[in-house]
Structure formats: C-alpha cells, structure tokens
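Asker: Here is my input, please return the structure:
(2 chains)
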Amino acid sequence: MAGELKIYRRLPGRGTTLAHYVRLFQGPDHLLQVSSTGYSEFYKRFYYRDIQAIIVRQTHLGKLWSAVWGFPAGLFGAIALVVQLNGGNGLALWIIAAVFVPGLAINLALGPTCACHVRTAVQIEKLPSLKRLRGAQKFIERLRPILAAVQGELNAEDIRARPQSPVSASPPAQAAAPPVLEEPQNVPPAVSGGA
Amino acid sequence: MNGHPVSCTKCSTPLPETFLNTAGLGECPGCGARVKAEVFPALLRRAEAGPSGERILAEGEAACFYHPQKRAAIPCGVCGRFLCALCDVELNGQHLCPACLEAGRSKGKMTHLETRRMLYDSAALCTAVLAFVIWPLTIMTAPLAIYFAILSWYRPSSIVPRTRIRSYLAILVALLQLAGWVAFFAVTYFGSFKA
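Answerer: Numbering: from 1, shown residues only, chains lettered A, B, ... in the order given. Predicted structure coming up:
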C-alpha cells in the first residue's frame, strides 16, 4: 500500500527534535507536519483556512555551530602551523583540523538559523523542520499563493485597520461570573473512546 | 486568539505593523531578536458561533437521534441516524455523527483524522540491519525482518509519498543472513561428518 495517497508534496526544510525527524508537506487543504521516529510517524495538520500567521525569528544557533566547528579547526590549524614553523611535521594536526572544516563550510553555506512558528486561532506551534532562514523564506514563498487562494489577499490597509486588543492585566468585569447556559441539552453527544 | 496582536515568539511582545508582511527582519521592541511575521486574512476573521440546532415546534417532526428536542437537519452519511445541526460533523463533504466519526478515527478508516502510523518497512530494515551489532541474533531477526517486510505490503504505509525500497532491502539483507546461517550449519555439519 505504499504511496496509496500521493496528495502530498514535500516542502522545504527538515529538522530534528530530541527523538523525531520532522518534515513538512503540502496537502490539498492543509499543511502536514510529519514527525518520524523511524518505526512510526506522527501527523499534525494545519488547515490553510485556519493559518493566521507565520512568525520567523532569527536565532543564534548558527553562530554556535560555527563556533563548534570553527574552534577546533582553528585550534588544530594554529598548533599545526606552530609545529611546522618550528621545523616539525604537522601533517597529522592539519588532517585533524581539516576534519572540522567541511562542517564549518556547510554551516556557513546554509546561512543563519531561525525558529519558525505557525499561528492559528487556538495555537502557536513551532515548526522544527524550518531551522534556516533561507528555508523558512522559501516555505513562506510556497505557502503564500496557496493561502491567498484559500483565504484571499491581505493588503496593508487591512493590517493597519485590524482590531487591536491589548492584553490587560485585570480581567474584564463581565468575566467575573460564568455565563448562564440557557439550554443544557445543547451539547454534542458524549462518545466514549473506542478501545 | 483572534484580535490578539501578533507577538514575538521569544518575549511575547506585540509586534508593530512594520514587522508584518515585510521582506526583511526587524528588531523586536521587547527583546531585540530579529523577527518578522507573515500574516493572512484569517487573523482578522472573527470566530463565528456554531449552529446549535433548531427546537422542534410541531409534533411529528423528525428529531435528532441524540437530541430528541432538536429538529433533524441531515442523516449521518454512515449510519443514517438523523442529526440536528449541532451533531452534524462535516468532513470532506460527508456528514457524519460523532459516533461514526470516532469509530472511523479509531479504526483508521479516515486518513484525514489519522495522527499516527506504524512503518513496517522501516521496522523491517532496522530489524535486519541493527541485528548486525549482535550478529548471533540474526538467526532470529532475519525471519522477523522478512515478516515485517511482507506485512508492510498489506498494511497502510506512510500517508506521504514513499517507495518500497526499504522492504526490498530488508528482505535482501535478511535472506543474506539466512544464507550465511545455512552455510555455517552446512560447513559445521559436513565438516564434523568428514572428521
């Protein structure tokens, strides 16, 4: 049954959390986040009609990785240079330094890191697969026309005119008493979980 | 969250409109993190109250199966029970009652509601390959890997595009392991027989 539903298209970015490998897919009416453990996959759906915002924040993780790769490369390179200048054979140290250089080069080539969040009416969810600013930008470029087709366009005037509700420190007076339910039977039927 | 301002994901400071739908990143007024937000029309949409179902006014009117006081609006697409507007759940153009929805979700019949899938092909490959770490175990894990690989053809795989290469590889590795064991026992048996 492999590939029974080929309705998903891969989106830019891949990332890992503590125990999962995470990717994003473009579905017909939703964004699908697939977290894989190797043996099983977990799915999270964000419907296009519900996505309110995508928030991208640059992080310092990229600089940290540059330091992790660059420091040993520089250290062993410097020691090798000193050894060679003193007439010794620094080949082994050059080789050790060279081991770290590809990591540094790849990290620099991938560009700055970021944290990307998707916001809906009821949640702000991190997208662990979008860890690089370039990938996040590509992701937004891919998603923008899809969301425009579903939700319509949002122009600058709409953004300026949007209702602002500042978060107040004290709760509003109406919230002191719970609302009175007029129709107690107005609840969906309770369904016991299937076992 | 509708009406709430879009906030920085690091310090929760509301972002000014100059940060919304811009090409570059700006410095958050709260924490100084470089951030931007791509907002969509759903941000401005107000959450509408859902239907609650109409009360039965005339005697003899069809009533909801779950709420006898409510007028039936539509039959369930699976079980045919009459549903009021409150109990009617629309999913991919199909109208379902909460019980059928729950039954479909728990039995894995509704792909749109699935949140987890076991990947038998990955399990087969991991079983076949990881057993090399403790190689005497391969006599037991090789048949298990073949079983998982065959099972993966009959069970639903990932909902995102995926090839069967893992199953084939698992079978190949497992067969090689079994062939190795057969050769080992043959050499041991015939070697001792000749001696």
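
Asker: Now that we're looking at the residue nearest the centre of chain A, what pLDDT does it have?
Answerer: Centre of chain A computed as the mean C-alpha position; nearest residue by Cα atoms, centre = their mean is A:Leu127, 2.7 Å away. The predicted structure scores A:Leu127 at 95 on the pLDDT scale.

Asker: Quick check, it in contact with A:Gln33.
Answerer: Yes. Shown here, A:Leu127 and A:Gln33 form a contact pair, counting by Cβ atoms under 8 Å, at 6.7 Å. Where C-beta positions appear, they are placed from N, C-alpha and C, glycine not excepted.

Asker: Give the residues shared as contacts by those two.
Answerer: Common neighbours of A:Leu127 and A:Gln33, using Cβ atoms under 8 Å, 6 or more residues apart in numbering or on different chains, are A:22, A:24.

Asker: At which residues are the helices of chain B located?
Answerer: Assignment of helices within chain B using DSSP state H yields the ranges B:98-106, B:120-130, B:138-154, B:165-194.

Asker: Next, the contact list for the residue nearest to the centre of chain A, please.
Answerer: If a contact means Cβ under 8 Å, 6+ apart, then A:Leu127 has A:13, A:15, A:22, A:24, A:33, A:116-118 as its contacts.

Asker: pull the longest helix from chain A.
Answerer: Counting by DSSP H, the longest helix found in chain A is helix A:61-85.

Asker: Can you give me the buried ones in it?
Answerer: By neighbour count on 16 or more other Cβ atoms under 10 Å in any protein chain shown, the buried set for helix A:61-85 is A:62, A:65, A:69-70, A:72-73, A:76-77, A:80, A:83.

Asker: Please state the backbone phi and psi of residue 88?
Answerer: Went with chain A since none was named. Phi and psi for A:Gly88, reported as degrees, to the nearest 10, are phi -90, psi 180.

Asker: That one and A:Val101, how far apart?
Answerer: Noted for A:Gly88: a distance of 21 Å to A:Val101, by Cβ to Cβ, to the nearest Å.

Asker: picking that back up, give me whichever of the helices of chain B is most buried.
Answerer: Neighbour counts (mean count of other Cβ atoms under 10 Å in any protein chain shown) averaged over each of the helices of chain B peak at helix B:120-130, with a mean of 22.

Asker: Just the mean pLDDT for that helix, thanks.
Answerer: For helix B:120-130, the mean pLDDT works out to 92.

Asker: So which elements touch it?
Answerer: Using 3 or more Cβ pairs under 8 Å, 6 or more residues apart in numbering or on different chains; DSSP states H and E as the contact criterion, the secondary-structure elements in contact with helix B:120-130 are helix B:138-154, helix B:165-194.

Asker: got the contact list for the most centrally placed residue in chain B?
Answerer: In chain B, the C-alpha closest to the average C-alpha coordinate belongs to B:Thr115, at a distance of 2.9 Å (Cα atoms, centre = their mean). By Cβ under 8 Å, 6+ apart, the contact set of B:Thr115 is A:42-44.

Asker: In ChimeraX, how would I select just the buried ones from these?
Answerer: What follows is the ChimeraX syntax for the buried subset of the contacts of B:Thr115, where burial is set by 16+ other Cβ under 10 Å:
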select /A:43,44
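
Asker: near chain B, from the contacts of B:Thr115?
Answerer: The subset of the contacts of B:Thr115 within reach of chain B, by Cβ under 8 Å from any Cβ of the partner chain, is A:42-44.

Asker: In TSV, list those along with pLDDT and secondary structure.
Answerer: TSV is the format used below for the ones next to chain B among the contacts of B:Thr115 (pLDDT from 0 to 100; DSSP: H, G, I helix; E, B strand; the rest coil):
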residue	pLDDT	secondary structure
A:Phe42	94	strand
A:Tyr43	94	strand
A:Lys44	94	strand
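
Asker: Cool, thanks, signing off.
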